[in-house]
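Chemist: Got a predicted model here, sequence first, then my questions.
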Amino acid sequence: MQPVTEASNDITQNIDVASPKEIVQLLCSCDVEIFDGWHGYPNIHSNEIIHTIGEIATAGVEILKDPSNNIIVLSGCGTSGRLAFILCRSFNKLLREQGMQECYEYVIAGGDKALFTSQEAPEDDPEAGIQALKQVSQGKRKVLFIGITCGLSAPFVAGQLDYCMDNLDKFTPVLLGFNPLNLARDLPIENWNKTFLQVTKRLEDLCQKHSDKCFILNPIVGPEAIRGSSRMKGGSVTKILLETIFTISHHIRDDKNQSLHIMVQSLLSAYRHVYEMTYSYMDDIAVMIQWAAESLNNNGHVYYIGVDSLATIGIIDASECPPTYSSSLEDIRGFIYGGYTTYKNKEGDISHHVSNGEPFNISINNFQENLIDQLACNDTVLFLLTYQDVCNENDSVTQLTKSILQYTKHIGAIYFTEPHNPSGNTDESTVLSYFKHVAMVTLPWHRIQETISPVFPTLSGTKLYEELRHFVGFLCEISLKWILNAISTGSHIMKGKIYKNLMIDVKVSNNKLYHRAISIIQKFAGCSLEEARCALIKSIYKTDTLTAEQGSAAISKHIDMATTMNKVVPAALLIAVRQCSVHEAIQILNDVKVVSKAILMSK
Ligand SMILES: O=P(O)(O)OC[C@@]1(O)O[C@H](CO)[C@@H](O)[C@@H]1O
């Protein structure tokens, strides 16, 4: 059986021919599975999952008692690592505000470069994971380690979990992912002696022996809207669960009598209110999908511009498009006021240390110096702002908006009003009047307040709002994540990148994607696994006759070759479907351009 995270979602079978508004409706129906679950598997509201969330939050409380000697490490690959980064940044800020030492650390496979561009190869390396964990936890007494891998598959995280289990006196390992445990990846990991499934089984056994020393948190949220695109639901549920866990850890430090079960349920329900509210802005989101699609279809660009954490969500969304849709690094980009000073990643400004510095130039200054003069009418610019941002950056947002308007009319804003007091003020309406379209998003604060007030019986009104300001920030971020995921997904669908609900032009840049590519070819060509594998390898080496060496090379060799190549899987698909030569397949793709059309013509 296929892992749930790699399966095709029945809901989105026709998403490739949907209108912008229909795309948003389909994504909405898919995302509800985060809350309602899928096919009777345990979901985020199941008792055992709520219990585990509470247990991990309690383990967090122990760490927070001595933040100078203890740490909480969040680690993952790609989107999982980027979310680890933004979560650590938020909770460290909360610690600073509470007068405590920072103790959250993120680890991302491939280092800080991977925050902006995909570094897929390091996620296949368990030893690299172990080394990164050793480095970050050196000299610490206790470590709560959260290994995030949506598909229960990343070797980088497998290595770390295994290392934690060898050192249980220091580490409390937690595996966070969204497949049933028996569907964890059971394929060999190069240069290692275990599969992910074996690591999972070891952890499961240990959880039974030491129920307060190791945890597995794996609610099932159903297949992704675009098959395998775990940046979407996988990323959202990662964010929801970890924010819930550590918000609770921070709030029960002083009040142990609270019922953990009620706390967990209340916070999770707040996210559901935000999910419902977000998709009520369907028409606004559809307008922005239409704009972005027009830009991408006319060789234009989409730029997200924002302040602080909303800008970070924008940069993350943009960074996911090249690996997910084989798009160029320039197609969708994100920028942040204050650049690296605000971004606060561990390695600081890395734009000078990398060969292609462009995707690493993230500040508004970079945008103003290098891009604004090149803007054209086929570009879309979306501002990502909160009420507070508009108050703080009023003049510069106004100036920038006016300059952009000289070049393009596709300038919009996703604007989060002040939820506690959404009546607005003059500054706000002046700034917003420059945008051609504004999605005015208002969090349902009253409903949220009703839901979470039993958790904070001594607080109400403004006091509750102030106490939970960081949580309100999380709610805006998840709402924005849903909106931007819809815009970037929708616009690539309308560019013809998707066939049914499948990204055919997937980059073969790591082990997981190599196996996904073979399964796509097998499914659409209706051929055997071996025939699909051969077609893929022929496409990678651009040959109709494979040498013995090519045929039997390690998977990592194929990945090394394929990572920098374009349209490897579409060509392999045509080879398998038409039984044609590599040359002919490439010729068809050059003539037809839109991959999904080329495949359709060949069926
Ligand atoms: O280890 P996970 O979380 O299952 O997968 C991580 C990953 O391979 O998948 C994502 C896209 O599907 C990427 O962001 C990332 O590179």
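Modeler: Received the coordinates, thanks. Residues are numbered from 1 along each chain as shown.
Chemist: Near the ligand, which residues of the protein are found?
Modeler: Proximity of the chain to the ligand, by C-beta under 6 Å from any ligand atom, involves residues 76-80, 120, 123, 149-151, 153-154, 228-231, 512. For glycine as for every other residue, the C-beta is placed from the backbone atoms N, C-alpha and C.
Chemist: For ChimeraX, what selects the buried ones among those?
Modeler: Filtering the residues of the chain next to the ligand down to the buried ones (16 or more other C-beta atoms under 10 Å) takes a single ChimeraX command:
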select :76,77,78,79,80,120,123,149,150,151,153,154,228,229,230,231,512
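Chemist: Return the subset of the residues of the chain next to the ligand lying in helices.
Modeler: Under the assignment DSSP state H, those contribute 79-80, 512 to helices.
Chemist: and Cys321, what element?
Modeler: Under the criterion of DSSP states H and E, Cys321 resides in helix 308-325.
Chemist: pLDDT of that helix, averaged?
Modeler: The average of the pLDDT scores along helix 308-325 is 94.
Chemist: Start at 868, not 1
Modeler: With the count now opening at 868, the last piece we talked about shows up as helix 1175-1192.
Chemist: Who are the packing partners of that helix?
Modeler: Helix 1175-1192 is packed against helix 946-964, strand 1169-1173, strand 1199-1203, helix 1206-1210, strand 1247-1253, helix 1336-1361, with contacts defined by 3 or more C-beta pairs under 8 Å, 6 or more residues apart in numbering; DSSP states H and E.
Chemist: what about the strands in this protein?
Modeler: Remark: strands assigned in the chain by DSSP state E are 937-943, 971-975, 1009-1015, 1038-1043, 1082-1084, 1169-1173, 1199-1203, 1247-1253, 1278-1283, 1304-1308, 1365-1366, 1369-1370.
Chemist: Now the ones you listed in TSV, please, with extra columns for distance to Leu954.
Modeler: Formatted as TSV, those follow (distance: least, C-beta to C-beta, whole Å):
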stretch	distance to Leu954
strand 937-943	6
strand 971-975	7
strand 1009-1015	9
strand 1038-1043	11
strand 1082-1084	15
strand 1169-1173	18
strand 1199-1203	17
strand 1247-1253	18
strand 1278-1283	19
strand 1304-1308	22
strand 1365-1366	30
strand 1369-1370	27
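Chemist: Go through those and name the closest to Ala1051.
Modeler: Shortest distance between Ala1051 and the strands of the chain, using C-beta to C-beta, is found for strand 1038-1043: 8.9 Å.
Chemist: Could you list the paired strands of that closest one along with their orientation?
Modeler: If you go by DSSP bridges, strand 1038-1043 pairs up with strand 1009-1015 (parallel), strand 1082-1084 (parallel).
Chemist: Point out where the stretch 1318-1467 of the chain drops to low pLDDT.
Modeler: 1460 (pLDDT under 70).
Chemist: For the ligand, what is the nearest residue in it?
Modeler: Lys1379 (5.3 Å; C-beta to the nearest ligand atom).
Chemist: Mind putting the helices and strands packed on helix 1175-1192 into a markdown table with distance to Ile1180?
Modeler: Below are those laid out as a markdown table (distance: least, C-beta to C-beta, whole Å):
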| stretch | distance to Ile1180 |
| --- | --- |
| helix 946-964 | 7 |
| strand 1169-1173 | 8 |
| strand 1199-1203 | 8 |
| helix 1206-1210 | 12 |
| strand 1247-1253 | 7 |
| helix 1336-1361 | 5 |
